[in-house]
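**Student:** Got a predicted structure plus its sequence, pasted below:
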Amino acid sequence: MTELIECVPNFSEGVNKEVIAAIANRVRDSSDVRVLGIEPDPDYNRTVLTFAGSPDGVFAGACEVMRASSELIDMREHHGEHPRLGAVDVCPFIPLGDTSMEVCIDLAQRLAEFVGNELNLPAYLYGLSAKKPEHKLLSHIRKGEYEALENRFNNKDEFIPDFGPCEWNEKVSRFGATVIGAREILIAYNVNIDEQDARVAKSIGSLVRSSGRLIKNQGQSMRTKGLLEMVQGMGVTLEKHKISQVSMNLRDYNITGLHHAFATCQSLANEHNTRVLGSEIVGLVPLAAMLDAGKWFLDNESCSENEYVEAAINGLGLSYLEDFDPNVRIIEWAIRND
């Protein structure tokens, strides 16, 4: 059996095309991997890079992402709408096909050791690779973002890095920290809202996310459960497009699918007297998730794969911001066509 791994580093540059291309080319040149997607977002000032290959090939590519980002990105000058901790904000390994999760956990460990020991930079392990319970959730590690790292390192709180220095020096201030892990396939999914200030998007994000939101009354507070299971969500503005987004991570599309998240946001937007303007998938998406959405929109069990995919693209409005090409955006089709 050939082991196949997907790696999806998110690095903190979404504007400078030369830097983005240089990092992607370092991956291409480093090993025998397939670069499946390069998706910069200028509002987030962030790029999602997706590549796949053998465990050794993917590991070599991930090392080059870390090395190149440490050389080309200066976090002291970084600004963007998306939360981030460092030049490579997060780098997950995902098993494809019959590859075991243990292979990805081992790769995450090796990469964190490389960052800490070879590059002498701070690295955290999260998700299924986490060494500490408080490091399991990315959002917990990322709390306060890059700007909080200096104080965190100086005070040596519970969120000290798993590998690398816990001190604020010139090299660390430039790079920040990175979060590395192993996880199942996650879909980064954003629903566009027809507003500029993200007031409604932030409200919807707090309602749909599984963790819910805090409600305060006369000095007391309680947390209400969110509407969607296995979902992280928040509201952000997209100044370039003069809209906002409900930015979500669908952590298990078998529990909460694309169409479920879209329809929920659409209903909530209507209640706020505004509307949804399509949606977008960041990175690549499993074919099964698109087929599930297409079946929901068509309500017909006898259509072809292509018909279901087309129905999902149209129903979710995936080409609202830019053209959605299923041949390069669906994981199985991208690998097949490479």
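**Tutor:** Cool, the structure landed. None of the values given here were measured: they were computed from a predicted structure.
**Student:** helix or strand right after the host helix or strand of Lys295?
**Tutor:** Taking DSSP states H and E as the definition, one finds Lys295 inside helix 287-298. As assigned by DSSP H and E, the chain's next helix or strand after helix 287-298 is helix 305-316.
**Student:** What ranges does the stretch 151-300 of the chain have for its strands?
**Tutor:** Counting by DSSP state E, counting those that start in this stretch, the stretch 151-300 of the chain has strands at residues 178-182, 187-193, 213-217, 220-224, 231-238, 243-250, 276-282.
**Student:** ok, how many other residues are close to Asp29?
**Tutor:** Neighbourhood size, Asp29 [other CB atoms under 10 Å]: 10. Where C-beta positions appear, they are placed from N, C-alpha and C, glycine not excepted.
**Student:** what kind of secondary structure is it in?
**Tutor:** Following DSSP: H, G, I helix; E, B strand; the rest coil, we place Asp29 in the helix state.
**Student:** Can you give me the separation between it and Ser173?
**Tutor:** 29 Å (CB to CB, to the nearest Å).
**Student:** can you count the residues close to the closest residue to Thr2 other than its chain neighbours?
**Tutor:** Leaving out its chain neighbours, the residue that sits closest to Thr2 by CB to CB, 6 or more residues apart in numbering is Ser54, at 7.5 Å. Neighbourhood size, Ser54 [other CB under 10 Å]: 16.
**Student:** From what I see, Ser54 and Arg34 are in contact.
**Tutor:** No - using CB atoms under 8 Å, Ser54 makes no contact with Arg34, being 10.6 Å away.
**Student:** Quick one: the helices in this protein, in order.
**Tutor:** Along the chain, the stretches classed as helices by DSSP state H are 17-30, 55-72, 101-113, 138-141, 149-155, 170-175, 199-208, 258-271, 287-298, 305-316, 326-329, 331-337.
**Student:** Any buried residues in the third one, and which?
**Tutor:** In other words, helix 101-113. Using 16 or more other CB atoms under 10 Å as the test for burial, helix 101-113 gives Met101, Val103, Cys104, Ile105, Asp106, Leu107, Ala108, Gln109, Arg110, Leu111, Ala112, Glu113.
**Student:** Just give me the closest of the residues you listed to Lys202.
**Tutor:** Lys202 lies nearest to Ala108 out of these, by CB to CB, at 31.7 Å.
**Student:** I'd like to know how far Val200 sits from His82.
**Tutor:** Counting by CB to CB - Val200 and His82 are separated by 19 Å.
**Student:** Among these two, which residue is more densely surrounded?
**Tutor:** Val200 (22 against 18).
**Student:** For the closest residue to that one other than its chain neighbours, which residues are in contact?
**Tutor:** The shortest distance from Val200 to any residue other than its chain neighbours is 4.5 Å, reached at His272 (CB to CB, 6+ apart). By CB atoms under 8 Å, 6 or more residues apart in numbering, His272 lies in contact with Val200, Ser203, Ile204.
**Student:** tell me the contacts of the second one?
**Tutor:** Meaning Ser203. So Ser203 contacts Gly235, Leu268, His272 (CB under 8 Å, 6+ apart).
**Student:** change it to 10 Å
**Tutor:** Ile193, Arg213, Gly235, Val246, Leu268, Ala269, Glu271, His272 (CB atoms under 10 Å, 6 or more residues apart in numbering).
**Student:** Next: the first one.
**Tutor:** Val200 makes contacts with 193-194, 235, 244, 246, 265, 268-269, 271-275, as judged by CB under 10 Å, 6+ apart.
**Student:** Any of those residues buried? List them.
**Tutor:** Ile193, Gly235, Ser244, Val246, Cys265, Leu268, Ala269, Thr274.
**Student:** Could you save these as a markdown table and add columns showing pLDDT?
**Tutor:** Below are these laid out as a markdown table (pLDDT from 0 to 100):
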| residue | pLDDT |
| --- | --- |
| Ile193 | 98 |
| Gly235 | 95 |
| Ser244 | 97 |
| Val246 | 97 |
| Cys265 | 98 |
| Leu268 | 97 |
| Ala269 | 97 |
| Thr274 | 97 |
